[in-house]
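Engineer: here is a sequence together with a model predicted from it:
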Amino acid sequence: MQPSIFFIQGIMGSSTNEVTKDLIDGGIHSQESVLLCRSSINTEETEPNNNKSITDTTWQIEDQKIEIQADHKDFQNIFIVSDPLINCLDQLEGLRNWLTEENYEIAKIVTVIHTHNLFENQKLNPWYDACIFFSDSVLLNYRQNVPDKWIKEYINKFRLECYPCLFEFVKKNKVKNPSMILDGPPRRLSLTFDPIEEEFELESEEYDDDGELSPEVKFDPMEKLANGAWKTKIPEIASLI
């Protein structure tokens, strides 16, 4: 059985646990089984789960791959909440490798933004930029005391770069339309998590005389250097929050 798999990412204090549970309550049928996977630090900062349809477990990264500490084979939905202190690219790489090993496909990747922290500390931008590159939806939480003009300009930055992901507001850790976030086709810019087509044709007009792609291809944050380090510099998130 192919489960619907959702990856929810955010920094410490973004209420990713609470937002995830709201997405489950409002976007998943009550009769469907849900496995909620969180890092050990995430399980420490939230209240116990009282929803009987949700099974709690933890996950960790081992050998560049996510390892879920429970049997996940029989669940219809799997929600994986990111570790708020680990490099987001390490986690996305671990997610990708796990999906490949299990022959699964990702349903949606969601980024929860602590808007006030980002407004106050622009050093968080590279972290969020990398997350949003892979996201189907971006949920702006904790917008108190952040100018509306700044929020509009922030969203417009991605609109001008033709990002297809949704930008939605969170109020009291709740999303207006959870089903819109969880359902529907992919809306992420990155193709990293898309199924690989075995056969495809290359149109010659897309290439120049040197055999290079004529249109400018967007940079993939998951690209690595020869030494195995990430080409994209992601700040140590623990030092910024």
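Structural biologist: Sure thing, it's come through.
Engineer: show me the longest helix that occurs in the chain.
Structural biologist: The single longest helix within the chain, with elements called by DSSP state H, is helix 88-102.
Engineer: name the helices or strands packed onto it?
Structural biologist: strand 4-9, strand 54-62, strand 65-68, helix 125-133 (3 or more CB pairs under 8 Å, 6 or more residues apart in numbering; DSSP states H and E). (Glycine included, C-beta is placed from N, CA and C.)
Engineer: switch the cut-off to 7 Å
Structural biologist: strand 54-62, strand 65-68, helix 125-133 (3 or more CB pairs under 7 Å, 6 or more residues apart in numbering; DSSP states H and E).
Engineer: what's the average pLDDT for the very next helix or strand once past it?
Structural biologist: Going down the chain from helix 88-102, the next helix or strand is strand 106-114, by DSSP states H and E. For strand 106-114, mean pLDDT rounds to 98.
Engineer: and if you look at stretch 223-241?
Structural biologist: Stretch 223-241 shows a mean pLDDT of 83 in the predicted model.
Engineer: CSV please, covering the helices and strands packed on helix 88-102 and showing distance to residue 37 and mean neighbour count.
Structural biologist: Listed next are the helices and strands packed on helix 88-102 as CSV, based on distance: least, CB to CB, whole Å; neighbours: other CB atoms under 10 Å:
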stretch, distance to residue 37, mean neighbour count
strand 54-62, 5, 17
strand 65-68, 5, 17
helix 125-133, 18, 20
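Engineer: same list, those, but as a markdown table with distance to residue 166 and mean pLDDT please.
Structural biologist: Shown next, in a markdown table, are the helices and strands packed on helix 88-102 (distance: least, CB to CB, whole Å; pLDDT from 0 to 100):
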| stretch | distance to residue 166 | mean pLDDT |
| --- | --- | --- |
| strand 54-62 | 24 | 93 |
| strand 65-68 | 25 | 95 |
| helix 125-133 | 11 | 94 |
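Engineer: now for those, which one comes closest to residue 99?
Structural biologist: Residue 99 lies closest to strand 65-68 among the helices and strands packed on helix 88-102, at 8.7 Å (CB to CB).
Engineer: so where's the protein shaky on pLDDT?
Structural biologist: Scanning the chain with the threshold set as pLDDT under 70 gives 42-52, 196-219.
Engineer: list the buried residues of the longest helix of the chain.
Structural biologist: 88, 89, 91, 92, 93, 94, 95, 96, 98, 99, 102 (16 or more other CB atoms under 10 Å).
Engineer: which one of the helices and strands packed on helix 88-102 lies closest to residue 179?
Structural biologist: Of all these, strand 54-62 comes closest under CB to CB, at 17.4 Å.
Engineer: where do the strands sit along the chain?
Structural biologist: Along the chain, the segments classed as strands by DSSP state E run 4-9, 34-38, 54-62, 65-68, 77-81, 106-114, 137-141, 166-171, 174-175.
Engineer: need those strands in a markdown table (columns: distance to residue 232).
Structural biologist: Shown next, in a markdown table, are those (distance: least, CB to CB, whole Å):
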| stretch | distance to residue 232 |
| --- | --- |
| strand 4-9 | 15 |
| strand 34-38 | 25 |
| strand 54-62 | 18 |
| strand 65-68 | 20 |
| strand 77-81 | 22 |
| strand 106-114 | 16 |
| strand 137-141 | 18 |
| strand 166-171 | 22 |
| strand 174-175 | 28 |
